[in-house]
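Trainee: I would like the atomic coordinates for the input below:
(one chain, ligands or ions: 2)
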Amino acid sequence: MSLSKEKKSILITGGAGFIGSNFVHHWCQNYSDDQVIVLDALTYAGNRQNLADLENRKQFKFIQGDICDRPLIEKILKEEQVTTVAHFAAESHVDRSILGPDAFVQTNVIGTFTLLESFRHYWNEQGNPENSRFLHVSTDEVYGSLEADDPAFSEVTPYAPNSPYSASKAGSDHLARAYFHTYNLPTIITNCSNNYGPYHFPEKLIPLMCINILLGKPLPVYGDGQNIRDWLYVGDHCSALETVINKGKAGETYNIGGNNEVKNIDLVTMLCELMDELASDLPVKPAKELITFVKDRPSHDRRYAIDATKIKTELGWTPKETVENGLRKTIEWYLNDQKWWQPLLSKDYQEYYQKVYG
Ligand code: NAD
Ligand code: DAU
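Mentor: Ligands and ions are numbered 1, 2, ... in the order given. I've put the predicted structure just below:
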C-alpha cells in the first residue's frame, strides 16, 4: 500500500532539532497540502530559528511542549486529527548521556511510551484507520560495536547497546515493536547511521570540528582516532524516512545508511583540508595542525556500518550524496550561517565543553 498521495496531518516530534528540522523542511517542500504540526520542548538542542522560514505557512503549527505530557499529546492528536506521527524527539548525544543519563531515560523511554500509549487510544477511537503510521526514528547504535571484519548491521542483528543513550533508544525501539505485535498499532522503526548537514548542534563531531577550525581551537579526537562511523547526509535520511512513511510496511524495521564508512581521524583530516580550501582567513592554516588526540570516550563503540539492502530492495531507496560533496555543502552552510551557530556557543555550552574536554 502506498500512502504517498493521501493527504496527511503529520505530527513531527523533535522538529526543532537537527534531523527533525531538516525533515520538516523536506516535508513542507514536497507535501504543500499536508498539515504539519511540530511538537518540541526546545531543550538546549532545539532551536525555533531552524523553522523560522515556515512560521507563516498556512498549514504549519509549532507547539512548545514535552512528549512526556500525556494530556497535551492527547489534545494535539484529537484537535489536529493526526494521521501520521514522525517521532524524532530524543536526548541524542552520547557524551551527555555519560555525564547524566536521567534525561535520556525520561525522554527516550518514558516519552516514547507516552506517545505510543496516547496514539494507541486515539487510533482505537478513530476505528483503527489503515492509513495511520507511527514512525519511530532510531539509531544504529542499538546494535553495539563491530570489529573491523564483522558484517554490517542488518535488521536482524541482535541489540547490544553500550551507552546510556543507546540503551534508552533500544528501550524505546522495543516498545514501538511491542505496540505493533500486541495492539496492531502501525508502528515502523528505522535505525540510521551518523547524519551530518545543516542545523547540526555543535557538540557532535562534524559541527564541533568545523567551528573549532574557524575559531582556531584544538580539534579533540578521542582515543586513537581509528573508530569508524558510516556517514549519511541528512537530506538522504529525510528522503529515506519519506519513503518509509509512504511505502513501508507496518511492524517492520528498516536500516538506513550511507555506505560511507570513514575513520574519525580521516574524516577530521578531510574537514581540515576542505576548510583550508573554502574558508578565508583561518586563524591556523593548515587547519590539521589543530588536531589533538584526547582521552577516549568511555565504552567508545569501535565501528558502525549499516547494511541497507532491505530498504533498497523492498522500497527502492538509495542515498545520493557522497561524503566529499556532502561535507563540502555542510562546510559552506557553516561558513555562510555563522549567525546561526555563534549564539549556540553560550555559557551553558562552555560549561558542557569544560566538563567533557577539560
Ligand atoms: P537533536 O538532539 O538535534 O534534536 C532533538 C530534538 O528533540 C530537539 O529539538 C529537542 O528540543 C527535542 N526534545 C528533546 N527532548 C524532548 C522532549 N522531552 N519533548 C519534546 N521534544 C524534545 O537530535 P537529532 O540528532 O536531530 O536526532 C533526532 C532523532 O534521530 C533522535 O531520535 C536520534 O536518536 C535519531 N538519530 C540521530 C542520528 C544522528 O546522527 N544525529 C542518527 C540516527 C538516529
Ligand atoms: O550512529 C548514529 C548516532 O550518531 C546517533 O544515534 C547519535 O544521536 C549521534 O550523536 C551520533 O553518535 P556518535 O557518538 O557516533 O556521534 P558523535 O558526533 O558524538 O561522534 C562521532 C565520532 O567521533 C565518535 O566515534 C566519537 C568521535 N568524537 C566525537 C566528538 C564529539 C571525537 O573523536 N571527538 C569529539 O569531540
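Trainee: residue 357 reaches residue 220, doesn't it?
Mentor: Yes: taking Cβ atoms under 8 Å as the definition, residue 357 is a contact partner of residue 220 at 5.4 Å. C-betas here are computed from N, CA, C, even on glycine.
Trainee: quickly list what's touching both of the two.
Mentor: In terms of Cβ atoms under 8 Å, 6 or more residues apart in numbering, residue 357 and residue 220 are both contacted by the residues residue 294.
Trainee: the more surrounded of the two?
Mentor: Per other Cβ atoms under 10 Å, whichever of residue 357 and residue 220 has more neighbours is residue 220, with 20 against 14.
Trainee: where does the more buried one land on pLDDT?
Mentor: With respect to pLDDT, residue 220 has a value of 98.
Trainee: contacts only, for it.
Mentor: Residues 292, 294, 357 are the ones in contact with residue 220 under the rule Cβ under 8 Å, 6+ apart.
Trainee: okay, these in a markdown table with secondary structure next?
Mentor: Listed next are these as a markdown table, based on DSSP: H, G, I helix; E, B strand; the rest coil:
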| residue | secondary structure |
| --- | --- |
| 292 | strand |
| 294 | strand |
| 357 | helix |
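Trainee: turn the residues you listed into JSON lines, columns for pLDDT.
Mentor: Output for the contacts of residue 220, formatted as JSON lines (pLDDT from 0 to 100):
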{"residue": "292", "pLDDT": "98"}
{"residue": "294", "pLDDT": "98"}
{"residue": "357", "pLDDT": "97"}
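Trainee: could I get those as JSON lines with distance to ligand 2?
Mentor: Output for these, formatted as JSON lines (distance: Cβ to the nearest ligand atom, whole Å):
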{"residue": "292", "distance to ligand 2": "10"}
{"residue": "294", "distance to ligand 2": "7"}
{"residue": "357", "distance to ligand 2": "7"}
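Trainee: out of the residues you listed, which comes closest to ligand 1?
Mentor: Distance to ligand 1 across these (Cβ to the nearest ligand atom) is lowest for residue 357, with 19.1 Å.
Trainee: any idea how far residue 39 lies from ligand 1?
Mentor: Counting by Cβ to the nearest ligand atom, to the nearest Å, the gap between residue 39 and ligand 1 amounts to 6 Å.
Trainee: so that residue belongs to a strand, correct?
Mentor: Yes: read with three-state DSSP, residue 39 is one of the residues of a strand.
Trainee: got a list of what it touches?
Mentor: 11-15, 63, 65, 67, 72-73, 76, 89.
Trainee: what about ligand 1: which of those residues touch it?
Mentor: 13-14, 67, 89 (Cβ under 6 Å from any ligand atom).
Trainee: now residue 166, nearest residue through space, not along the chain?
Mentor: Nearest non-adjacent residue to residue 166, counting by Cβ to Cβ, 6 or more residues apart in numbering: residue 141, 3.8 Å away.
Trainee: contacts only, for that neighbour.
Mentor: Residue 141 touches 94, 161-163, 165-166, 169, 301, 304, counting by Cβ under 8 Å, 6+ apart.
Trainee: how far away is it from residue 48?
Mentor: As judged by Cβ to Cβ, to the nearest Å, residue 141 and residue 48 stand 28 Å apart.
Trainee: that older thread, residue 283: which of the contacts of residue 141 is nearest?
Mentor: Closest to residue 283 out of the contacts of residue 141 is residue 94 (28.8 Å), distances taken as Cβ to Cβ.
Trainee: what about the closest one, how many residues nearby?
Mentor: So residue 94, with other Cβ under 10 Å, has 21 neighbours.
Trainee: and the pLDDT at it?
Mentor: 98.
Trainee: from the contacts of residue 39, pick the one nearest residue 311.
Mentor: Distances from residue 311 to those, taken by Cβ to Cβ, are shortest for residue 12, at 20.4 Å.
Trainee: helix/strand/coil for that closest one?
Mentor: Under three-state DSSP, residue 12 comes out as strand.
Trainee: near ligand 2, which residues of the stretch 51-200 of the chain?
Mentor: So far as Cβ under 6 Å from any ligand atom goes, the stretch 51-200 of the chain lies against ligand 2 at 92-94, 139-141, 193-194.
Trainee: just the ones in helices from the residues you listed, please.
Mentor: Of those, the ones assigned to helices by DSSP state H are residue 94.
Trainee: flag every residue of the stretch 251-358 of the chain that's near ligand 1.
Mentor: Counting by Cβ under 6 Å from any ligand atom, no residue of the stretch 251-358 of the chain sits close to ligand 1.
Trainee: ok, which residues in the stretch 251-358 of the chain are in contact with ligand 2?
Mentor: Counting by Cβ under 6 Å from any ligand atom, the stretch 251-358 of the chain sits next to ligand 2 at 264, 297, 304.
Trainee: neighbours of whichever residue of the stretch 251-358 of the chain sits closest to ligand 2, just the number please.
Mentor: In the stretch 251-358 of the chain, the residue that lies nearest ligand 2 is residue 264 (4.7 Å; Cβ to the nearest ligand atom). Residues near residue 264, counting by other Cβ under 10 Å, number 19.
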